[in-house]
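Trainee: the following comprises the amino acid sequence and a computationally predicted model.
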Amino acid sequence: MATVAFTEQALNDINDIADYISHDSLHFARMQAEKIFNRAILLETHPLIGRVVPELSIKSIREVIEGNYRVIYRIVRKDLIHILTVHHSRRLLKRSALKRIIKGSGT
């Protein structure tokens, strides 16, 4: 079983998502944040469930989808996964921005 750790970037992303949704509904903001966390926790037992992020084509950088969001993670070791960022699927994910996030995660 792997440990799933959230980077500061990922936690900020989830907070921003919940804050945005909360303008319409606090209930749905909480639900969406919970769904994202639950999707990430699934990686503890199924780290390879996500596809390789197409913008990078690096086998250790993968993503799972939760609703409209891409939960992007890195398999650091067999027993350690870092959630790098959570990105809305309609927004362009630039390769350069993703590389900055990976570099900033310290992995």
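Mentor: Thanks, I have the structure now. Being a predicted model, the structure only gives us computed values, none of them experimental.
Trainee: ok so residue 98 is a helix residue?
Mentor: Yes. Secondary structure assignment places residue 98 in a helix (DSSP: H, G, I helix; E, B strand; the rest coil).
Trainee: same for the helix or strand where residue 102 lies, what does it pack against?
Mentor: Assessed by DSSP states H and E, residue 102 sits inside helix 95-104. Counting contacts by 3 or more CB pairs under 8 Å, 6 or more residues apart in numbering; DSSP states H and E, helix 95-104 packs against strand 69-77, strand 80-88. Using the backbone N, CA and C atoms, a C-beta is placed for each residue, glycine as well.
Trainee: which parts of it are buried?
Mentor: By 16 or more other CB atoms under 10 Å, the buried positions in helix 95-104 come out as 98, 101-102.
Trainee: what about that helix, average pLDDT?
Mentor: Averaged over helix 95-104, pLDDT sits at 76.
Trainee: what's in contact with it?
Mentor: 7, 9, 53, 55-56, 61, 72, 74, 84-85 (CB atoms under 8 Å, 6 or more residues apart in numbering).
Trainee: and it, C-alpha only, in PDB?
Mentor: Listed in PDB are the C-alpha atoms of helix 95-104, where the atom choice follows Å, rounded to 0.1, in the frame of the first residue of the first chain:
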ATOM      1  CA  ARG A  95       3.800  21.600 -20.600                       C
ATOM      2  CA  SER A  96       6.000  24.300 -19.200                       C
ATOM      3  CA  ALA A  97       3.600  25.000 -16.300                       C
ATOM      4  CA  LEU A  98       3.400  21.300 -15.500                       C
ATOM      5  CA  LYS A  99       7.200  21.000 -15.500                       C
ATOM      6  CA  ARG A 100       7.400  23.900 -13.100                       C
ATOM      7  CA  ILE A 101       4.900  22.200 -10.800                       C
ATOM      8  CA  ILE A 102       6.900  19.000 -10.900                       C
ATOM      9  CA  LYS A 103      10.200  20.800 -10.200                       C
ATOM     10  CA  GLY A 104       8.600  22.800  -7.400                       C
END
